[in-house]
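Novice: When you get a sec, could you give me coordinates for this:
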Amino acid sequence: MANYTKGTETRDAILRSARELFYGSGYLDTHNKDIAAHAGVNVGLIHYYYRTKGAMALEIYMDLLLTQLALVREHFPEEDLAVRNAIAIRFLWDMMQQDTALLRFMHEINAERIPLQMADSSVGQHYIEGLNAGGGWLNEERLQIICRCSIAAEMELIEHYTSGSCAFSAEELAELDERLTLQMVSVPEREILRVLQRSRECAAPYCMEMYAPFAIRLRRREAGAE
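Specialist: Residues are numbered from 1 along each chain as shown. Model (predicted):
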């Protein structure tokens, strides 16, 4: 039990250091030796627990998305999955617009195609399967393909936004992000419009903010704040 506890503490310390350095210095400019020094461990332990720097980034990325969805589910329990996800997408884009460190992280992990690995996990596939609950036409192979396409579309939108040459606002890209995923699972246009409208109404009074590296909270917007 003592060895297990020590191992968990070491793993947590490594991931905590990775979060702080990826956020503060950038994913690409942070190396395993930097994380090891920050965590006070031997660099070999990083390879033991995570194998690669990308594996740590993937865990941080997935934790961020899952925390988002949990916060949205807690604050909007009466909304269906499609609306809750659309709300989360709006908040993600709003955070990237406000937080340059988060936007940099998303851009840099896109360069290594790290988000696409989520399609191989139960997280991404269960989400797409949930959106298609009433359709039932997705077998396992189609499920994974659509999950990959949905993630790739969001990655491309982020890259266009990051380039600074995109004519669309973050809000417009968020709605396009939402629409593309719903279209991939053959959601009718009328239903897409409902989801977009309802998510817009639900998200408007709130903002999601990062108060520590990749730690987020949801709060009401201050009166008069845009």
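Novice: For the protein, which segments count as strands?
Specialist: For the chain, the strands defined by DSSP state E cover 206-212, 215-220.
Novice: got the buried residues for the last one?
Specialist: So that's strand 215-220. Across strand 215-220, burial judged by 16 or more other CB atoms under 10 Å covers 216, 218. Yep, even glycine has a C-beta here, placed from its N, CA and C like the rest.
Novice: quick one: that strand to strand 206-212, angle?
Specialist: Going by axes from the mean of the first three to the mean of the last three CA atoms, to 10 degrees, strand 215-220 is angled at 150 degrees with respect to strand 206-212.
Novice: where do the helices sit along this protein?
Specialist: Applying DSSP state H to the chain gives helices spanning 2-24, 32-39, 43-49, 53-75, 81-98, 100-111, 122-131, 140-163, 170-184, 189-203.
Novice: hang on, the earlier thing: and residue 90, which of the strands of the chain is closest to it?
Specialist: strand 206-212 (8.8 Å; CB to CB).
Novice: pLDDT on that closest one, on average?
Specialist: Mean pLDDT, computed over strand 206-212, is 95.
Novice: Offset the numbering so it begins at 7, please.
Specialist: That works, and once the first residue is 7, the last one we named lands at strand 212-218.
Novice: For that strand, what is the distance to the chain centroid?
Specialist: With CA atoms, centre = their mean, to the nearest Å as the basis, strand 212-218 stands 14 Å off its chain's centre.
Novice: Burial check on residue 85, number of neighbours?
Specialist: Here the number of neighbours of residue 85 (other CB atoms under 10 Å) works out to 18.
Novice: Got phi/psi on it?
Specialist: phi -90, psi 150 (degrees, to the nearest 10).
Novice: coming back round to it: what about the strands of the chain, which gets the closest to residue 55?
Specialist: Comparing those under CB to CB, the one sitting nearest is strand 221-226, at 20.9 Å.
Novice: now the strands of the chain in TSV, with distance to residue 86?
Specialist: Putting the strands of the chain into TSV (distance: least, CB to CB, whole Å) gives the following:
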stretch	distance to residue 86
strand 212-218	18
strand 221-226	19
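Novice: which stretch among those comes nearest residue 62?
Specialist: Using CB to CB as the measure, strand 221-226 is the one of the strands of the chain that comes nearest residue 62, at 15.9 Å.
Novice: JSON lines for the helices of the chain, including mean pLDDT?
Specialist: JSON lines is the format used below for the helices of the chain (pLDDT from 0 to 100):
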{"stretch": "helix 8-30", "mean pLDDT": "86"}
{"stretch": "helix 38-45", "mean pLDDT": "96"}
{"stretch": "helix 49-55", "mean pLDDT": "93"}
{"stretch": "helix 59-81", "mean pLDDT": "94"}
{"stretch": "helix 87-104", "mean pLDDT": "94"}
{"stretch": "helix 106-117", "mean pLDDT": "96"}
{"stretch": "helix 128-137", "mean pLDDT": "65"}
{"stretch": "helix 146-169", "mean pLDDT": "87"}
{"stretch": "helix 176-190", "mean pLDDT": "92"}
{"stretch": "helix 195-209", "mean pLDDT": "96"}
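Novice: Sounds good, over and out.
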